[in-house]
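Colleague: Here is a sequence together with a model predicted from it:
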Amino acid sequence: KNGKYKTPSANTLRCEAVPLKKVFDFAYDRDYIPKPITIPKPSLEKNSRPHFTRKEWNLLTRRMREYVKRGKGSVGGGSYRDRYILQQYVLILCQTGIRVGEARAMVWDDVKIDGEKMFIIVSGKTGERDVIPADPTRTRKYFQRLFDFRREEIGADVSSGEYVFCHKNGTKIGSFKKGFERLLTETGLLKNSKGEKRVIYSLRHTYCELRLEEGVDHYRLSQNMGTSPEMISKFYGSHSKNVRHYDELTKRKTQQRSLLIEQS
């Protein structure tokens, strides 16, 4: 009676239909029910979160630095520690496109560095996978900041099994939701031009949008994000897909052919 009712999404209903159907199939096989029961699955609605454009992302990173500095003298609205860790969290998620749950469970042993290369091992909906950051050099710097901050905080070496995003006592941070909303509110980027509210998942969406804009192949991108090429095509790429391939669609086989077209 104290709960808040919320209409389940199409995705939730589809997920719940799977185990429920197994129960009904079991009942039919044991003759507990006279006939099979089928559960209609609602179609998935397109629910792409509002992302940051490249211009907005650059603006956010600049304003975020000031937001963190203000945290040193802040009494309410989050401490310097909270803001500093949130800053690295935002930067890392936008560089990798990993899910919130994947970031929450990540420990230092999951961060792999091999010379100039780096990747992250995460475990998500599609099992374990290696994630390659958009810019390994920058991403490595963000992880290094967190590592150095934590080492100074505890005055000892950081355990490889400790959570990357943790509280002072070492327990994992459950959610950055409130801090992220406060950050976007103070930086004036909580909503996009359509009035749609941005959430943490917008960082994953931003990663995908910017990667597509830069010409990354759908298949490779889907592998890195732990999803399918079909989901990439359906939920991402808000701007014209043809515009992304402008150079390819306007190129000529030879200069001579181009001149002939001009002459005609």
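Modeller: Thanks, I have it.
Colleague: tally of neighbours for residue 154?
Modeller: Using other C-beta atoms under 10 Å, residue 154 has 14 other residues around it. All C-beta spots, glycine's among them, are computed from the backbone N, C-alpha and C.
Colleague: ok, now residue 21?
Modeller: The burial count for residue 21: 15, using other C-beta under 10 Å.
Colleague: what's the answer for residue 30, then?
Modeller: As a burial measure, residue 30 scores 8 neighbours (other C-beta under 10 Å).
Colleague: What's the per-residue pLDDT of it here?
Modeller: The model reports residue 30 with a pLDDT of 95.
Colleague: likewise residue 234?
Modeller: 78.
Colleague: any weak-confidence spans in the stretch 101-250 of the chain?
Modeller: Low-confidence segments of the stretch 101-250 of the chain (pLDDT under 70): 237-250.
Colleague: Show me the helices in it, by range?
Modeller: Using DSSP state H, counting those that start in this stretch, the helices of the stretch 101-250 of the chain run over residues 136-154, 177-187, 201-213, 218-225, 229-235, 241-244, 246-250.
Colleague: Out of those, which is the most enclosed?
Modeller: Greatest average neighbour count among these goes to helix 201-213 (a mean of 21), per mean count of other C-beta atoms under 10 Å.
Colleague: Could you check the angle it makes with helix 177-187?
Modeller: Per axes from the mean of the first three to the mean of the last three C-alpha atoms, to 10 degrees, the angle that helix 201-213 makes with helix 177-187 is 70 degrees.
Colleague: Not counting helix 201-213 itself, show me its contacts.
Modeller: 48-52, 54, 57, 90, 93-100, 134, 218, 221, 225, 232, 236-239, 244 (C-beta atoms under 8 Å, 6 or more residues apart in numbering).
Colleague: Any of those buried? List them.
Modeller: 49-52, 57, 90, 93-100, 134, 218, 221, 225, 232, 236-237 (16 or more other C-beta atoms under 10 Å).
Colleague: quick one: the residue nearest to residue 199 when sequence neighbours are not counted from residue 186, how far?
Modeller: Nearest non-adjacent residue to residue 199, counting by C-beta to C-beta, 6 or more residues apart in numbering: residue 49, 6.0 Å away. Distance of residue 49 to residue 186, given as C-beta to C-beta, to the nearest Å: 20 Å.
Colleague: Repeat that for residue 152.
Modeller: 26 Å.
Colleague: Ok, residue 68 next?
Modeller: Distance of residue 68 to residue 186, computed by C-beta to C-beta: 11 Å.
Colleague: swap in residue 95?
Modeller: Distance from residue 95 to residue 186, by C-beta to C-beta: 22 Å.
Colleague: again with residue 96
Modeller: Residue 96 is 25 Å from residue 186, by C-beta to C-beta.
Colleague: what do you get for residue 123?
Modeller: For residue 123, the distance to residue 186 - C-beta to C-beta - is 33 Å.
Colleague: what's near enough to touch residue 123?
Modeller: If you count contacts by C-beta under 8 Å, 6+ apart, residue 123 has them with 102, 105, 129.
Colleague: Looking at those residues, state which has the most neighbours.
Modeller: residue 102 (22 neighbours).
Colleague: contacting residues around that residue?
Modeller: 122, 123, 124, 226.
Colleague: how many other residues sit next to the last one?
Modeller: Same thing as residue 226. Neighbours around residue 226, by other C-beta under 10 Å: 19.
Colleague: For residue 204, see how far away the closest residue in space to it that isn't next to it in sequence is.
Modeller: Closest residue in space to residue 226, ignoring its immediate chain neighbours: residue 126 at 4.5 Å, by C-beta to C-beta, 6+ apart. Note on residue 126: its distance to residue 204, by C-beta to C-beta, is 14 Å.
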